[in-house]
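> Build me a model from this:
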Amino acid sequence: MAYSTSVSIWAFILSFYFGVSKCYFAIPLKIYTGRYNVSSDVDFTQRVVLTSDGNGLSLASDPTGTVNFLDMIHNLQGDSGRGYYIEMSIGTPGQKVNILVDTGSSNFAVAAAPHPFITHYFNTALSSTYQSVGRTVAVRYTQGNWEGELGVDRVSIPKGLNGTIIINIAAILSSDGFFLPGVNWQGILGLAYPMLARPDSSVEPFFNSLVQQLGIPDIFSLQMCGAGLSASSTADPAGGSLIMGGAEPTLYRGSVWYTPIVEEWYYQVEVLKLEVGDQNLDLDCREYNMDKAIVDSGTTLLRLPVNVFNAVVEAITRSSLIQDFSSGFWDGSKLACWMKGETPVDVFPQAVHLPKGHEHQPVLPYHHPASAVHPANHRCGRHTGLLPFWIVFVS
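Okay, here's the model as predicted:
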């Protein structure tokens, strides 16, 4: 989620940056429909400290010299409509809650009072290790807001790194439009830079605390399964992976691509060009970056400045595949549905062009182009296919 101070933003399903050089590469917005073969006979535990993959990305290890990234695979649940969340244990004794993974904010916040749209919450009175710091905090996002108090407590992640850390927690006491019907998460994990933290940047974000206390490299990677992949079964829900300390090499193919961060607050990047099908929108790059272009895992919408949106609509409507789209589709009042396998994804945004960065700079992610379009009978699977790109965040 992005804070509401922004009006026109790009919200991909994750984030990066660039600036001076106009050498660029394209991020194709497509689904890889094949399989990645992972042999059960291979030990994928990373037994090296900062071993380069040849493209500047380090595979991390914990302080003992070993970490098994496979333990973190599929530690996210959710879908492209309501967000992706990870299970955490907060307090002593531990209280389990689901936390939305959000690269568009920097506070770790969890419901600390009942709400009609959530099934449970973190009860600070039942934790012997919770300490209030006596400060109030209020955060307003593009959609929704909350208010609460700041405190500190112990947090662990069952499907994450071994160990418990002490982190800053915003205990949400009231909210408006933040918790929504049908969501299965009770809080938000802000993974952006300290500059976005509220009430000010002195509130250390969760991942910064994780790096400092567990000694892992300042790298995390996100894989989120979007619309268009088939689930293997109803018992095997869609989701993804949050890998803390590096990237799991069995879950991606090809080289890692990098693009610079324009400014360290959001994961702000520079977009140079947008293609719809085989059509280049041919807009000035300033149009794409008005007022900023960010990668935001807290939303699954591709948000565009008005001029860019109008150009995308014009390009799509020129396609003969969708001449029957009603005007209500474009203003969000009506859905467009197709049978499974018939969705005309080729006429939606196909590639985002970003500046080419250096090896030590953050890599840029993947976003499925039609997550706001709802084809009939579509589900997102974890075993029948994986996205061709990961989002990797490097300090």
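> what packs against whichever helix in the chain runs longest?
In the chain, taking DSSP state H as the definition, the longest helix is helix 306-317. Helices and strands touching helix 306-317, by 3 or more CB pairs under 8 Å, 6 or more residues apart in numbering; DSSP states H and E, are strand 273-276, helix 285-288. Where you see a C-beta, it was placed from the backbone N, CA and C, and this is true even at glycine.
> Out of the ones you listed, flag the one nearest T124.
Among the helices and strands packed on helix 306-317, the nearest to T124 by CB to CB is helix 285-288 (43.6 Å).
> list the buried ones in that closest one?
C285, E287, Y288 (16 or more other CB atoms under 10 Å).
> Mind picking the one among those that's closest to V139?
Closest to V139, out of all of the buried residues of helix 285-288 and judged by CB to CB, is Y288, at 27.2 Å.
> so the closest one touches N307, yeah?
No. At 9.3 Å, Y288 does not count as touching N307 under the criterion of CB atoms under 8 Å.
> Spatially nearest residue to L283, not counting backbone neighbours?
Spatial nearest neighbour of L283, excluding adjacent residues (CB to CB, 6 or more residues apart in numbering): A311 at 6.0 Å.
> just checking, the one you found touches L281?
Yes. Counting by CB under 8 Å, A311 touches L281, with 4.8 Å between them.
> So between these two, which is more surrounded?
A311 (20 against 17; other CB atoms under 10 Å).
> Would you mind giving the domain segments of the protein?
Dividing the chain into domains by automatic domain parsing, as the record does, gives the ranges 45-244, 251-394.
> looking at the ones you listed, which one has the lowest mean pLDDT?
Mean pLDDT is lowest for domain 251-394 among the domains of the chain, at a mean of 69.
> In terms of helices and strands, where is the closest residue to E204 other than its chain neighbours?
Excluding the flanking residues, the one nearest E204 by CB to CB, 6+ apart is N168, at 5.9 Å. Using DSSP states H and E, the element containing N168 is strand 165-176.
> Restricting to C-alpha, output the following helix or strand past that strand in PDB.
Downstream of strand 165-176, the next assigned helix or strand under DSSP H and E is strand 187-190. In PDB, the C-alpha atoms belonging to strand 187-190 read as follows (Å, rounded to 0.1, in the frame of the first residue of the first chain):
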ATOM      1  CA  GLY A 187      -1.800  -6.500  10.200                       C
ATOM      2  CA  ILE A 188       0.700  -5.100   7.800                       C
ATOM      3  CA  LEU A 189       4.400  -5.600   7.400                       C
ATOM      4  CA  GLY A 190       5.900  -2.500   5.900                       C
END
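> Just the CA atoms of whichever helix or strand comes after strand 187-190, as CSV, please.
Going down the chain from strand 187-190, the next helix or strand is helix 206-214, by DSSP H and E. Only the C-alpha atoms of helix 206-214 are listed here, as CSV (Å, rounded to 0.1, in the frame of the first residue of the first chain):
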residue,chain,number,x,y,z
PHE,A,206,10.9,-4.6,10.7
PHE,A,207,13.4,-5.8,8.1
ASN,A,208,16.0,-3.4,9.4
SER,A,209,15.7,-4.9,12.8
LEU,A,210,15.9,-8.4,11.3
VAL,A,211,19.1,-7.5,9.6
GLN,A,212,20.7,-5.9,12.7
GLN,A,213,19.7,-8.6,15.2
LEU,A,214,20.1,-11.8,13.1
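> Alright, that wraps it up for me.
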